[in-house]
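Below is the sequence, then the predicted model.
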Amino acid sequence: MGYFGGLGAGKGWQTLNFLLTPEELEQLLLARPLHLVVGNARVPATYEQTPIAEYAETYRIFVAALKGDRELDWRVTQPLYMGLTFSMNIISFRPYSEAYKGTVAAEPLVNLSPFEVHYYHGTVCTTMLGNHMFSLGLSLQYPKVVSFDGEQHEHLHDASLLTNFELFMWLRDRITAQTVPCKIQSPTKVHRTRMRISSEMRGQLAEHRGLLAQGLRVL
């Protein structure tokens, strides 16, 4: 049985956008027993789950690339899309061929994905409208409501009653405790973003060439 999350006006997703160092992210993911899974996607037939160390290395490459390019290659950002869960019991696999199978989650996973900031006519925003786009961190997401295939998506359920809501809240609280709101200085004003950043990463972003090229800097 599959699901669809985030339905309805005002009933979308709980979200936290953030930027930690690779070491801070790895320590966070290792602090409690949890599993990383490529959710609802085609994976190699031998795939079971993604080791935390492997994901941390992918994130390390991403953070290193932040300082070099204005727009990162999809080969750097695509592996960052991941689902987190307390229990692998909600994950099943659907065979596609001898080489590939599909992951199926019966309940919502806590989603991790790259987060982008856009600079548009003197405004820093998080919409898809922008003439300059910067990948600056990760977005943590969990739906507020969910519907299920088995009910033909006719009913909405409160996602806070499901397996991974507590995981989302724990991650959100831990990340919030070790970060501060991220502000970006443009030539005209200080912009408050919908993102949080750790003190160490804030210093490292002083080298972000894409931001510097637009006269921007992280405060």
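Structure's in. What do you need? The shown structure was predicted, so the numbers you read here are calculated from the model rather than taken from an experiment.

Which SSE is immediately downstream of the lowest-mean-pLDDT helix or strand in the chain?
None of the helices or strands of the chain scores lower by mean pLDDT, DSSP states H and E than strand 123-125, at a mean of 58. As assigned by DSSP states H and E, the chain's next helix or strand after strand 123-125 is strand 132-143.

C-alpha coordinates for that following strand, PDB please?
Output of strand 132-143 as PDB, limited to C-alpha atoms (Å, rounded to 0.1, in the frame of the first residue of the first chain):
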ATOM      1  CA  HIS A 132      20.100  33.600  -9.700                       C
ATOM      2  CA  MET A 133      19.800  30.300  -7.900                       C
ATOM      3  CA  PHE A 134      22.000  29.000  -5.100                       C
ATOM      4  CA  SER A 135      21.900  25.500  -3.500                       C
ATOM      5  CA  LEU A 136      22.600  26.300   0.100                       C
ATOM      6  CA  GLY A 137      21.600  23.400   2.300                       C
ATOM      7  CA  LEU A 138      19.000  20.700   2.900                       C
ATOM      8  CA  SER A 139      15.300  20.700   3.500                       C
ATOM      9  CA  LEU A 140      13.700  18.500   6.100                       C
ATOM     10  CA  GLN A 141      10.100  17.700   5.300                       C
ATOM     11  CA  TYR A 142       7.200  15.700   6.700                       C
ATOM     12  CA  PRO A 143       3.500  15.900   5.600                       C
END
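
That one pairs with which strands, parallel or anti?
When sheet partners are counted by DSSP bridges, strand 132-143 sits next to strand 13-19 (antiparallel), strand 110-120 (antiparallel).

Reformat these as CSV; add distance to residue 57, mean neighbour count and mean pLDDT.
(Glycine included, C-beta is placed from N, CA and C.) Below are those laid out as CSV (distance: least, C-beta to C-beta, whole Å; neighbours: other C-beta atoms under 10 Å; pLDDT from 0 to 100):
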stretch, distance to residue 57, mean neighbour count, mean pLDDT
strand 13-19, 17, 20, 93
strand 110-120, 15, 20, 82
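
Could you export those strands as TSV, including distance to residue 145?
Output for the strands paired with strand 132-143, formatted as TSV (distance: least, C-beta to C-beta, whole Å):
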stretch	distance to residue 145
strand 13-19	10
strand 110-120	15
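
Can you give the distance of the helix or strand that contains residue 76 from its chain's centre?
If you go by DSSP H and E, residue 76 is part of helix 74-77. Here helix 74-77 is found 14 Å from its chain centre; the criterion is C-alpha atoms, centre = their mean, to the nearest Å.

for that helix, packing partners?
helix 52-66 (3 or more C-beta pairs under 8 Å, 6 or more residues apart in numbering; DSSP states H and E).
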